[in-house]
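**Student:** Using only what follows, build the 3D model:
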Amino acid sequence: MTIAVYPGTFDPLTSGHLDIINRALAVFDKLIIGIYDQPDKQLLFSPEERVDMVEKAVADLPNVCVKSFSGLAVDFIHEVGGIVMIRGLRASSDFEREFEMALMNKKLAPDIELICLMTSSEYQFLSSSLIKEVAKLGGCLRGMVPDHVATALREKFSVRIPGGSKREG
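**Tutor:** The predicted model follows:
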């Protein structure tokens, strides 16, 4: 059984992440989604909230499990018996960062292969950072995140538009 691991912060999970998850499942026997619990960046959601959001989104997918982890992604991949790391690429700027990380990870764990999947064109513009900004400003998130993630974002930001009503989406 080939186990692939898709590590990330998923703060929050987007439709682009789900695109990569579904496509990785078509190639590998089992996919473990690794939620990195302490990245060096400002997070909106706790590790538990992020795990919960991803678990809800993949509940109907076979051979997928979600776990949080600390430390190096390659150590987590070894711990869960993975042999492949999955990463999604949106644009050339993603490639440069992913290439640097891939070289470091290969030095740390030469036995782990990296597979990069190009995000489908309809999700090329999505990033968790942009999603948070749109949510904070009360924009519509339909089609960009699962419905339960949009709800969680609205609750975090409690965004109100002029006139006092909440904007839906």
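**Student:** alpha carbons only for contacts and neighbour counts from here, please
**Tutor:** Fine.
**Student:** Just give the nearest non-adjacent residue to A91, would you?
**Tutor:** Distances taken as CA to CA, 6 or more residues apart in numbering put Q124 closest to A91, at 7.2 Å, once the chain neighbours are dropped.
**Student:** Who are the packing partners of the lengthiest helix in the chain?
**Tutor:** In the chain, assigned by DSSP state H, the helix with the most residues is helix 92-108. Here helix 92-108 touches no other helix or strand, going by 3 or more CA pairs under 8 Å, 6 or more residues apart in numbering; DSSP states H and E.
**Student:** tell me which residues in it are buried?
**Tutor:** 95, 98, 102, 105 (16 or more other CA atoms under 10 Å).
**Student:** Run a quick neighbour tally on the residue nearest to A91.
**Tutor:** The local packing of Q124 (other CA atoms under 10 Å) involves 13 other residues.
**Student:** As a check, name the ranges of all strands in the chain.
**Tutor:** Applying DSSP state E to the chain gives strands spanning 3-8, 30-36, 64-69, 84-89, 113-118.
**Student:** now these in JSON lines, with distance to R142?
**Tutor:** Below are the strands of the chain laid out as JSON lines (distance: least, CA to CA, whole Å):
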{"stretch": "strand 3-8", "distance to R142": "22"}
{"stretch": "strand 30-36", "distance to R142": "23"}
{"stretch": "strand 64-69", "distance to R142": "24"}
{"stretch": "strand 84-89", "distance to R142": "21"}
{"stretch": "strand 113-118", "distance to R142": "22"}
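**Student:** nearest to K136, of those?
**Tutor:** When the strands of the chain are ranked by proximity to K136, the top entry is strand 3-8, at 21.8 Å, counting by CA to CA.
**Student:** Each with direction, which strands does the closest one pair with?
**Tutor:** strand 30-36 (parallel), strand 84-89 (parallel) (DSSP bridges).
**Student:** and it, what's its mean pLDDT?
**Tutor:** Averaging pLDDT along strand 3-8 yields 97.
**Student:** Now for F45, how many residues are close by?
**Tutor:** 17.
**Student:** How much space separates it from K30?
**Tutor:** 26 Å (CA to CA, to the nearest Å).
**Student:** can you give me the helices for the chain?
**Tutor:** 15-25, 47-58, 73-79, 92-108, 128-136, 147-157.
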